[in-house]
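In: my questions concern the predicted model and sequence given below.
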Amino acid sequence: MDSPSNTKQAAGTLSKLLGAIGLAVIALSFALGPSFWQGQADFCAFHAMTGLPCPTCGMTRSFAATAHGQLGLAFHYHAFGPFAFVGLLLASLWAFTGRPYPRLRPWMLWLLVIALVLYGLARMFGWIARP
């Protein structure tokens, strides 16, 4: 059985690995600007099969636009994109501090999921313009 120190060390290593992946996503957003994604193949399986946007459609382009300071374009691609970009950046950097993440209450996560699904449905039904 693992000792508590081994478990804590493994959790810290996993946190740093996830932080590094998050920073890689941020770096890729800087490296590949929003114009790179124009006319690219559709990476969303849901959109490719149905022709409808999924709740996260446009998030990649929104990240790229945010990284390049084009916030109007970023919000056009996805309303949550700039917020998700900043959240991912902060969470990724926090992973290297060695401190535990601030506690998120379950209702906060549910609120985020519900907002994302409602936004996706609004785009799907054309109540909000699609990018």
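Out: Sure, I can see it.

In: same for the helix or strand bottoming out on mean pLDDT in the chain, what does it pack against?
Out: Every helix and strand of the chain was ranked by mean pLDDT, DSSP states H and E. The lowest is helix 34-37, at a mean of 73. In this structure, helix 34-37 packs against helix 59-67, helix 71-77, with contacts taken as 3 or more C-beta pairs under 8 Å, 6 or more residues apart in numbering; DSSP states H and E. In short, each C-beta sits where N, CA and C put it, glycine included.

In: contacts for that helix next, please.
Out: 60-61, 64-65, 68, 70, 73-74, 77 (C-beta atoms under 8 Å, 6 or more residues apart in numbering).

In: how about those residues, which pair is most distant?
Out: With C-beta to C-beta as the measure, no two of those lie farther apart than 60 and 70, at 14.0 Å.

In: low-confidence stretches in the chain?
Out: Low-confidence segments of the chain, defined by pLDDT under 70, are located at 1-8, 10-11, 37-42.

In: which residue packs closest to residue 19, ignoring adjacent ones?
Out: Nearest residue to residue 19, sequence neighbours excluded (C-beta to C-beta, 6 or more residues apart in numbering): residue 95, at 2.7 Å.

In: now do residue 89
Out: In space, and not counting its chain neighbours, residue 89 is closest to residue 26: 5.5 Å by C-beta to C-beta, 6+ apart.

In: so what's the residue count around that neighbour?
Out: 19 (other C-beta atoms under 10 Å).

In: hmm, residue 87 and it touching each other?
Out: No - Residue 26 lies out of contact with residue 87 (C-beta atoms under 8 Å); the separation is 11.0 Å.

In: could you point out the longest helix in this structure?
Out: helix 4-31 (DSSP state H).

In: between that one and helix 59-67, how many degrees?
Out: Angle, helix 4-31 to helix 59-67, by axes from the mean of the first three to the mean of the last three C-alpha atoms, to 10 degrees: 80 degrees.
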